[in-house]
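Peer 1: coordinates for the following, if possible.
(2 chains)
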Amino acid sequence: MALPYDPQQIEPRWQEYWAHEGFAAVDTAGEKDLYMLMMFPYPSGDLHVGHGRNYILGDCLFRMFLMQGRKVLNPMGWDAFGLPAENAAIKRNIHPHEWTVANIGRMKDQFRRWGILYDWDKEIASCEPEYYRWNQWLFNRMLESGLAYRGKSPVNWCPSCRTVLANEQVVAGGCERCGTPVEQRDLEQWFLRITAYADRLLEGLDRLPDWPEKVKLMQRNWIGRSEGCDVRFAVEAVAEPLTVFTTRVDTIYGATFVALAPEHPLVERFRATAPDPDFGEFVDTLKNQTRLQRESEGGDKAGRFTGAYAVNPFSGERLPIWVANFVLMEYGTGAIMSVPAHDERDFAFATKYGLPIRLVIAGPGMGPDTVLSEAYSGPGAVVNSGPFSGLASEESKAAMGAFAEERGFGARKVRYRLRDWLISRQRYWGTPIPVVYCADDGLVPVPDGQLPVVLPTDIEFGGSEGNPLERSASFTAATCPKCGKPARRETDTMDTFMDSSWYYARFVNPHIRDAMIDRERVARWMPVDLYIGGVEHAILHLMYARFLYKVLHDFGMVPGDEPFTVLFNQGMITAKSKVSGKLEKMSKSKGNVIAPDALISRYGADTERVYTLFMGPPEKEVEWTDDGVMGAHRFLQRVWGLQDIVAESADRTGAAGATEEILVATHRAVKRVHDDLARYHPNTAIAAMMELINTMAEQQAAASGAALRQAYETLLRLLHPIAPHVTEEIWRILGHEGSLLGAGWPSFDAALLAKQQVTLAVQVNGKLRATVAVEPGLGAEAAGAAAREAVAKWLEGKEVAKVVHVPDRMVSFVVKG
RNA sequence: GCCGGAGUGGCGGAAUGGCAGACGCGCGGGACUCAAAAUCCCGUAUCCGCAAGGGUGUGAGGGUUCGACUCCCUCCUCCGGCACCA
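Peer 2: Numbers count the residues shown, from 1 in each chain, chains lettered A, B, ... in the order given. Model prediction:
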């Protein structure tokens, strides 16, 4: 009898062995084979079973690749800058660096206990100067090429995190991190010109067939390209014209007013002359609203007449100019032409304020005089539009655009929803922006030779408001690199998404000191072949990374211009929230965190791995249940127990039928596990292995010892990527030397599987009436005959009109009468 | 509101247009045991039937097809994204 299955005793030993033998180490000086990567985590400290899903899936695939003899780069590092460290510093008076390093230690230990292998020689942490100096170096290059700039504009300010945020980091009007409603502030800040890459970011998506459609769609929507036309309207009594952006020039004869965003510069001209006494107050109220407040008004339209008129350049018509709450300064020109008949918002506004509604596009069943009860925004025939009447709306768009260009009062124009990436942060724990301000020379970049600009350590956290860097005399006091006089150092740090936008290229040769990346090696090892991470990064991280990779490409530093060939998004693991009672993502505040420690000490890491991979397809969201863990553990117990069966049967010749059945079941399992893992479905791969052990259990008394042993050893190899510790242990007990990682990946005999008997389904008029077991590869006639016999009673006295035969699958009779 | 994705036993989930419910959990019954746990065996969509067998069944309704969980149309529900983007 084998000893009882005792994961506590087995697992630490193998973890030590793998680390010692260096299975994950790969020399990138050699040729590339495969580069796989998990999104590097923020070192928050404790990992729960939900985090485990990502890493366990990655490790499963990694081990399979290793067994297949592939040379795989599979590194791990830390997205180590960010607010939690700084908040911990404020709260508990620990330096962020110390806090971060301690957390990294805990997380590495957790990875080890999960049995997860990485090439730790390539570990990087973005908070170390050796790493972030290259953020600064890249920033200098972008500054030189005009891709980084300092600009003043209304920006999102989170009063709780006390910093500005990029657009991508504002979710439903609140801060992505803490949910606090963001305020708009006019500040001078650092931006990266991602909008210059908008079209290339869109076009690149078409070359990523192995990314989830969902992610590509989200990015397309975020970039929000729209083709339209800028049209200039003359304004009565004002010298300069007013430019509006529209995607529907074809409706311009239907414009009955013009609307301005409250922030539009022209609005101030009319403050004194507008007819409504509360005009100024109205404008000020709108300007002071947070984005959230404006959105919370739920689409209610409000506006005021400015008292001024604009002239429609097409018709010469005078149109009243209004200020309206639904016009956004951030998009287009901050001014629109309003066509109530063909735009829902304009219709609502016109109805509320009694402005005219004029039909200019006649949709199906409409004529020039149709009275609308709601806006019609579809295509149709152009009517009431002077010389353009009679055209189709699409033709008219082109014709009117060309006309405006000829006459010089308009131009066709492409606009984007995407804004430039605001990278300034008024926080300590990030990469210092390498710039100084000199009284004589103004803004001066810190020369490459003086990098890195290192974060000071003489910092007092907590207490007073604002960025602690501003209070560090040693940091702010700088020397102007141009004139040598005293200067003030920039205290803003970079958005941490900067760090994660290029780390994958650094991993190829992470410790070089004289360059950001090793161009020669990166040319061979990039792009990442398989990138695994959560869908929450669909826009933020993945769009910034694509952007910076294109920039690196333009600088001649990397080979292609897309960094990740295959993207795999794993779903969340949820559990019942103690607060809401609903299924939610695990988090401390919801009291639904399952820590792996107790689980591992009770059942072992292999059990957690099996359960995590068995719960469902990894891209789907799944609920964690304790009963399911038991099932996984029972499976491993059964695998362990098969040792006895194999030992007892060692010398038995066995019955031919049972032996054949074991053999076929083994090959079938190999094929299924192989196919299922290749499509990232370990759940069905595990099911296939369960079927194999069920067959082994059924045939254990009758099959030959050799076949049982062969089946068992094959199973161990198939199972190793999923449950590495227990399989290594049994492999040794069976008398093998070394590791399963070097034991090869099993192959299957396709010919053997192909010659097995098949079961034909036999249908009569589409209903299943019988099944027949036949030899594979049977022709239509022979299969038809066998099937006819099986369903004779259903065919009796009827005329067979048609027979459909799908080889090795089914025969279908269509009968009459 | 717009754009995606998903609805299959008591539960998690399987099924290149070809035997719906693999595999697991749970449950019921049995074996072992003084007993329990563990383990093992049998059963488990639903309705009629002692059974053999048959009817029904993949959110609802229609359609294409010899044949639909799978493809098309309409609708419902849930989840996710965007949300006055002109």
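Peer 1: distance check, the residue nearest to residue A:118 when sequence neighbours are not counted against residue A:83.
Peer 2: Excluding the flanking residues, the one nearest residue A:118 by CB to CB, 6 or more residues apart in numbering is residue A:76, at 3.9 Å. Just so you know, the C-beta spots here come from the backbone N, C-alpha and C atoms, and that holds for glycine as well. Relative to residue A:83, residue A:76 is positioned 22 Å away (CB to CB, to the nearest Å).
Peer 1: who has more neighbours out of these two?
Peer 2: For the pair residue A:76 and residue A:83, the greater number of neighbours falls to residue A:76 (23 against 20), based on other CB atoms under 10 Å.
Peer 1: and the spatially closest residue to residue A:539 that is not a sequence neighbour, backbone torsions?
Peer 2: When the adjacent residues along the chain are set aside, residue A:539 lies closest to residue A:222, with 5.1 Å between them (CB to CB, 6+ apart). Dihedral angles of residue A:222 (phi, psi; degrees, to the nearest 10) stand at phi -70, psi -40.
Peer 1: and the residue most central in space within chain A, how far from RNA strand B?
Peer 2: The geometric centre of chain A, computed from its C-alpha atoms, lies nearest to residue A:538 (CA atoms, centre = their mean), at 2.6 Å. Distance check for residue A:538 against RNA strand B: by CB to the nearest atom of the strand, to the nearest Å, it reads 7 Å.
Peer 1: before we move on, back to that, pLDDT at the residue nearest to residue A:118, what is it?
Peer 2: Listed pLDDT for residue A:76 reads 98.
Peer 1: and the helices in the stretch 551-700 of chain A?
Peer 2: Assigned by DSSP state H, counting those that start in this stretch, the helices in the stretch 551-700 of chain A fall at A:596-603, A:605-614, A:626-648, A:656-678, A:682-699.
Peer 1: so which of those helices comes closest to residue A:786?
Peer 2: helix A:656-678 (21.9 Å; CB to CB).
Peer 1: in the closest one, what's buried?
Peer 2: Buried residues in helix A:656-678, counted by 16 or more other CB atoms under 10 Å: A:658-674, A:676-677.
Peer 1: same thing with stretch A:216-232?
Peer 2: Of all the residues in stretch A:216-232, those buried under the rule 16+ other CB under 10 Å are A:216, A:218, A:219, A:222, A:223, A:228, A:229, A:230, A:231, A:232.
Peer 1: ditto for stretch A:422-438
Peer 2: For stretch A:422-438, using 16+ other CB under 10 Å, the buried residues are A:422-436, A:438.
Peer 1: just flag the most distant two among these.
Peer 2: Looking at those by CB to CB, the two members farthest from one another are A:429 and A:438, with 26.7 Å of separation.
Peer 1: where's the residue nearest to residue A:353 when sequence neighbours are not counted relative to residue A:345, distance?
Peer 2: What sits nearest to residue A:353 in space, not counting adjacent residues and going by CB to CB, 6+ apart, is residue A:303, at 6.6 Å. Relative to residue A:345, residue A:303 is positioned 11 Å away (CB to CB).
Peer 1: and those two? Which one has more around it.
Peer 2: When residue A:303 and residue A:345 are compared for neighbours, residue A:303 comes out ahead with 23 against 17, by other CB under 10 Å.
Peer 1: need the phi and psi values for the more buried one.
Peer 2: Dihedral angles of residue A:303 (phi, psi; degrees, to the nearest 10) stand at phi -170, psi 170.
Peer 1: quick check: it touching residue A:336?
Peer 2: No. When contacts are counted by CB atoms under 8 Å, residue A:303 is not listed as touching residue A:336 (11.6 Å).
Peer 1: so what sits against both of these two?
Peer 2: Between them, residue A:303 and residue A:336 have residue A:259 as joint contacts when contacts are counted by CB atoms under 8 Å, 6 or more residues apart in numbering.
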